[in-house]
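Return a 3D structure for these sequence lines:
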Amino acid sequence: MAVRRVTVQITDSDLERIQKLVEDGNFINISDCIRTAIRFLDQSMAGEYISRRDRASVEKREKREV
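Numbering: from 1, shown residues only. As a prediction, this is how the structure comes out:
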């Protein structure tokens, strides 16, 4: 797995909340917190995203067949 450095735009209030999670010892650093959030979203939303795309492709196909 390649590791890339990226820049993210984030509000001051969100950054403060992330920094607090790090300061409280919940995460090692800000990057660890953001990686964890990305993994969580990936795992919790992947099925829903795939099912939405499948529904959309079925609807498109049905429209073409009419």
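
Show me the helices in this structure, by range?
Secondary structure of the chain by DSSP state H: the helices cover 12-23, 30-65.

weakest of those helices in terms of mean pLDDT?
Per-stretch averages of pLDDT across the helices of the chain put helix 30-65 at the bottom, with a mean of 74.

Can you report how many residues neighbour Ile18?
The criterion is other C-beta atoms under 10 Å. On that basis, Ile18 has 18 neighbouring residues. (Each C-beta comes from the backbone N, C-alpha and C, glycine too.)

and it, how far is that from Phe40?
The spacing between Ile18 and Phe40, counted by C-beta to C-beta, to the nearest Å, is 14 Å.

Mind listing residues that contact stretch 4-11?
Identification of contacts with stretch 4-11 by C-beta atoms under 8 Å, 6 or more residues apart in numbering yields 18, 34.

do that again at 10 Å, thanks
With C-beta atoms under 10 Å, 6 or more residues apart in numbering as the test, stretch 4-11 has contacts from 14-18, 30-31, 34.

can you tell me the average pLDDT over that stretch?
The average of the pLDDT scores along stretch 4-11 is 89.

hang on, the earlier thing: widest-spaced pair of the contacts of stretch 4-11?
Maximum pairwise distance among these (C-beta to C-beta): 16.5 Å, between Glu16 and Ser31.

sorry, back to before: most neighbours among the contacts of stretch 4-11, which one is it?
When neighbours are counted by other C-beta under 10 Å, Ile18 leads the contacts of stretch 4-11 with 18 neighbours.

ok, and the closest non-adjacent residue to that residue?
Using C-beta to C-beta, 6 or more residues apart in numbering and skipping the chain neighbours, the partner closest in space to Ile18 is Cys33 (5.2 Å).

Would you mind measuring from that neighbour to Gly25?
When Cys33 is compared with Gly25 (using C-beta to C-beta), they lie 12 Å apart.

Between those two, point out the one with more neighbours.
Under the neighbour definition other C-beta under 10 Å, Cys33 and Gly25 were set side by side, and Cys33 has more, 17 against 7.

close enough to count as contact, Ala37 and Asn26?
No. In this structure, Ala37 is not within contact of Asn26 by C-beta atoms under 10 Å, at 11.7 Å.
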